[in-house]
Every structure is written in C-alpha cells, then in structure tokens.
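Asker: Starting from these lines, generate the structure:
(2 chains)
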Amino acid sequence: MQPRPDDKHILKLFHQGGRNRNEAFRILVDAYGEMLYRQIRQITRNHELTNDILQNVLVKAFQKLDAFKGDSALYTWLYRIARNETLNYLDKEKRRTGIDLDEPVFEILAGSNSLERIDGERIHELLMNAIDALPEKQAVVFQLKYFEELKYSEIAERLGTSEGALKASFFHAKEKIKEFLLNQLNQ
Amino acid sequence: MKENEDIFEHLKKRKIETPSKDYFDALAASVIEQESKETKVIPIGRKIFYWSTAAAAILVVGFFLFNIPRQTQTNILAQLDDVSTEELILYVYENIDDFDTEQLGETLSDEEIDELDEELSIEMLDISYVESSESISFDDIDEQEILDYLELEDIDLDELENDFI
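Answerer: Predicted coordinates for the structure are as follows:
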C-alpha cells in the first residue's frame, strides 16, 4: 500500500504549474475523490447526480487551488466545496424528482422500540439535516469518523489536529445530532 | 424517543459503494483537459498586447518546429540561429496582423503547447522589450485622451468592457 500523499506536496506541485499542476491534481483526486464521492452520494443517493456534482466540485477545486492559503486542511477545504456545491445543486435544480434513488443510508435495527414508527427515508432525511446544521469542523470530523470509519490517529494526521480535540468534536457532533433528532421526532 | 437514548445504537448504516479507480482517473483527466482548454484561449485572445506578442512568437516558433518537415526545418532553424530572440519578437510584434494566432494554435496539440509554454514563456517574458512595456504608466494620460483614442481606433467601449468581465 502506497503512503498517503502529503497535502503540502500536492500544493507545492500544483503551484509549480504546467505538467506538475496536472500531476498534483491527479494525486488530489486519487487521495480525496472517493471520500468526496461518498459525501455527495449519501445526500443525493444517485450516481448520475453525484457524478455531475463531483465534476463541478473538482473544476472549482482546480480553479481555486492557487488561491488556497492552507488555512485549513485540504480535505476540510474540499469538504466545504462539496457540501456547498451539493446543496446549491439540489436546491437550484430540484433534480431529485423523478429519478431512482439509492436505499437510505440508514437502516433502523430490529427491536428499536422507540424508532419503530419511523421509516428509513425519514431518519435519513433527519440525519442529513442534522449533519448539515453542524459547525463545519464538527461535520468534517463526523464525516471522517462515522462514515469513513477512520481512526482518530488518521484523522489527526489529515486535519493536523490533536486526537483529544477530535474526540471532543466527535462527541459534540453526536450530541447535537441527537438533540436535533429528539426535537424533530418528539414534535 | 427518550431523552437519554443513543439513536446511533439503533441505526445500521449502509456502505456506499464507489466506482472504480478508472472512473476517478477519467474524471481528473476530464477536468484537466477542460481547464487546459479554457486557460489556453485567454492569452491568445484577450491578454494585453505584449502577452499577445509573446504568445504569437511562441506559436510561430512552435508552428515551424512541429509542422515543417524535418529537412526543411533544419534549414529554417539554421537560418533562425542568426536571428536573436529579441529580433524575432520585434518582428512578430511589428507584423502581428499578418499572423492568425488562433489558426496557428490549432495546428499544435495540447501537449505541444504545454511544452512550448514551459520552455519559452519565461524566456520570452524576460526580454528587455517586455520589461520596457511593463514600465508604461497610464497615470499621465487623461480620460478624454483615452476616449479619443478608442474612438479613433473604432473600439466599442461596451464590447471592451464585456471582454474584461
């Protein structure tokens, strides 16, 4: 297994321009493409829409990477572009009507008395809304820990944050999601 | 739902399958190609005049290098050896109207233009002609003079504005 490419290396190569710029972009897509794809598809639940949005995200990343100052981790920056692009795309185009959707990402386990009257579609929608309402840092950590199932040490390396801070962010994210769901379900 | 209940204990999440590596490679290649095309049009069509001159010179040299048979090319290149880069740029600049840069550009592949760009653009920009152009100041020219000049050259101000937006 090849070591994960360093963000600084990608940026340095990109800033060199010409063929190095293209090579840097290929490395970036190789490193983050799949994660961005899953992030988008868990919201769109459709490959074609995900494909369109991901293409837009990558075009924006290519165009704006020169201006990226490294104030956040590269993944955080890409996550932000993907989140905004997905929400804007779905909001503007209303393209989810009349297309085949994947199964909801969440399935309610048998024997969950308190959730037995809620279907998977509803819980999926609520959870996506809850995640969308999280502050960006917590949303990124939740995405990497819960959906991507990365270890804290891996997330710490990617985001340049301490494991302790990540654990706190993940805890707060889960608490906010629970609170959001509680409010919605008990209305 | 109870207040102290952990909802995540009642949920099972479905794994989202991702397409193959080929899909992501193709996506990256498609974006690179799309962006390369867009950035190539700008220096030829809209950049200020010394950029047009440098681009035209690159294309002219590229046109000779890639499109003329090797035998003839050697002769031309032998003759070009006697011409300095500054003289070549000056010639292109003075005869810019004789060159159709877009047509010249179309004869070169993306890779050839990238190669030429990398090899020649820095050198072209480094010559004294460009340096002197960069030192031109518009502070001493009043607005009316600029408007008169645009009218004399039959340049539509609205059209010009659209080009720079």
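Asker: rest of the way, CA atoms for contacts and neighbours
Answerer: Will do.
Asker: and chain B, which residues reach chain A?
Answerer: Chain B comes close to chain A at residues B:1-3, B:6-7, B:10-18, B:21, B:24-25, B:27-29, B:31-32, B:35, B:114, B:118, as judged by Cα under 8 Å from any Cα of the partner chain.
Asker: Among these, the buried ones, what's the ChimeraX command?
Answerer: Those of these that count as buried under 16 or more other Cα atoms under 10 Å in any protein chain shown are selected in ChimeraX with:
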select /B:7,10,11,16,24,27,28,29,31,32,114
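Asker: hey, where'd the strands end up in chain A?
Answerer: A:106-108 (DSSP state E).
Asker: how about the residues of it near chain B?
Answerer: So far as Cα under 8 Å from any Cα goes, chain A lies against chain B at A:18-19, A:22, A:25-26, A:29-30, A:33-34, A:37-38, A:41-42, A:55, A:58-59, A:62-63, A:104-109, A:112, A:114-115, A:178, A:182, A:185-186.
Asker: among those, which ones are buried?
Answerer: Buried among those (16+ other Cα under 10 Å): A:22, A:25-26, A:29-30, A:33-34, A:37-38, A:41-42, A:55, A:58-59, A:62, A:104-108, A:115, A:178, A:182.
Asker: which ones among those are found in helices?
Answerer: Using DSSP state H, A:22, A:25-26, A:29-30, A:33-34, A:37-38, A:41-42, A:55, A:58-59, A:62, A:178, A:182 are the members of these that sit in helices.
Asker: Which parts of chain A belong to which domain?
Answerer: A:1-102, A:108-187 (automatic domain parsing).
Asker: So for B:Ile155, which of the ones you listed sits nearest?
Answerer: domain A:1-102 (31.1 Å; Cα to Cα).
Asker: Could you give the separation of the closest one from the chain centroid?
Answerer: Relative to its chain's centre, domain A:1-102 lies at 10 Å (Cα atoms, centre = their mean, to the nearest Å).
Asker: what about it, average pLDDT?
Answerer: Throughout domain A:1-102, pLDDT has a mean value of 90.
Asker: In chain B, where is pLDDT below threshold?
Answerer: B:1-4, B:39-86, B:88-90, B:92-140, B:152-154, B:156-165 (pLDDT under 70).
Asker: one step back: with distance to B:Glu151 added, can I get the domains of chain A in TSV?
Answerer: Output for the domains of chain A, formatted as TSV (distance: least, Cα to Cα, whole Å):
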stretch	distance to B:Glu151
domain A:1-102	36
domain A:108-187	53
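Asker: And those domains: which comes nearest B:Ile141?
Answerer: Nearest of the domains of chain A (Cα to Cα): domain A:1-102, 33.3 Å.
Asker: How about A:Arg83: what's its closest non-neighbour residue?
Answerer: Excluding its sequence neighbours, the residue lying closest to A:Arg83 (Cα to Cα, 6 or more residues apart in numbering or on different chains) is A:Ile40, at 7.4 Å.
Asker: count of neighbours near that neighbour?
Answerer: By the measure other Cα atoms under 10 Å in any protein chain shown, the count of residues near A:Ile40 is 24.
Asker: measure it to chain B for me?
Answerer: Per Cα to the nearest Cα, to the nearest Å, A:Ile40 is found 10 Å from chain B.
Asker: residue contacts, A:Leu78?
Answerer: By Cα atoms under 8 Å, 6 or more residues apart in numbering or on different chains, the residues touching A:Leu78 are A:36, A:57, A:61.
Asker: doesn't A:Asn84 make contact with the second one?
Answerer: It refers to A:Val57. No: at 9.2 Å, A:Val57 does not count as touching A:Asn84 under the criterion of Cα atoms under 8 Å.
Asker: Since that was my last question, I'll sign off now.
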